[in-house]
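Peer 1: Provide a 3D model corresponding to the input given below.
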Amino acid sequence: MASPFPSLPSARELRRLQGRNERRGIKPPSDRHEVINPVTEAVIRSRIEADIQRLRTDTGLQAYLGDDAARIASMAGRLVYIVCHAAGVHGLGETPEGRILAGTANALADIAGTPAELERQRGAVIAGLQAIDRLMPQLHTLSLAAGALELDNLLATTAGMSTADVHRALGIDIAPKFIAASA
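Peer 2: So this is what the prediction gives:
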């Protein structure tokens, strides 16, 4: 008795079909937009970009002109973590900008711990914001959104954020360097 279903094409037939489609300029089918509409995706991306830009602008104003150490540490810390997470996703943690952001995280930890350190650490915060400006064109918007979600999860599950979380987001492993230096 014959099967009611047609037999599957052989590997040779699939290669021939693929070659014929390439010669004719026929692209393979894409299911990219079956889940989300391209217009909806563009709207979501523009909202994310606007939120990040608003946070960057507010943080920059506070860093240059503000005197509230806790607010600067909070706003800049959020922005630094989000960008560090996106940079880690894109493999940019070991770049000079990534290292600057790690130093900025250390400066922000000093500011959060001792508000009197604000004037001394202001230059490090401004350098971090400049590094963020240089990194932003290389980062995908959805990677920044993933960093914001990871930050929300981090703040919801722990007592707070530390510099180790920023280093982990960047993909920088600093523990072996300190162990080797102390040995």
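Peer 1: In three-state terms, label residue 27 for me.
Peer 2: Secondary structure state of residue 27, per DSSP: H, G, I helix; E, B strand; the rest coil, is coil.
Peer 1: check contacts around it.
Peer 2: Residues in contact with residue 27, defined by Cβ atoms under 8 Å, 6 or more residues apart in numbering, are residue 21. From N, CA and C alone the C-beta is placed, and that goes for glycine too.
Peer 1: Grab the most central residue of this protein for me.
Peer 2: Central residue of the chain (Cα atoms, centre = their mean): residue 86, 1.3 Å from the mean position.
Peer 1: what's near enough to touch the closest residue in space to residue 49 that isn't next to it in sequence?
Peer 2: Ranked by Cβ to Cβ, 6 or more residues apart in numbering and with sequence neighbours excluded, the top spatial neighbour of residue 49 is residue 141, at 5.6 Å. For residue 141, the contacting residues are 45, 48, 49, 52, by Cβ under 8 Å, 6+ apart.
Peer 1: looking at these, which has the most residues close by?
Peer 2: Within the contacts of residue 141, residue 52 tops the neighbour count with 22 neighbours, counted by other Cβ atoms under 10 Å.
Peer 1: So it sits against residue 59, correct?
Peer 2: No - counting by Cβ atoms under 8 Å, residue 52 does not reach residue 59; the two are 10.4 Å apart.
Peer 1: Which residues belonging to stretch 69-86 are considered buried?
Peer 2: By 16 or more other Cβ atoms under 10 Å, the buried positions in stretch 69-86 come out as 69, 72-86.
Peer 1: which among those gets closest to residue 97?
Peer 2: residue 83 (9.0 Å; Cβ to Cβ).
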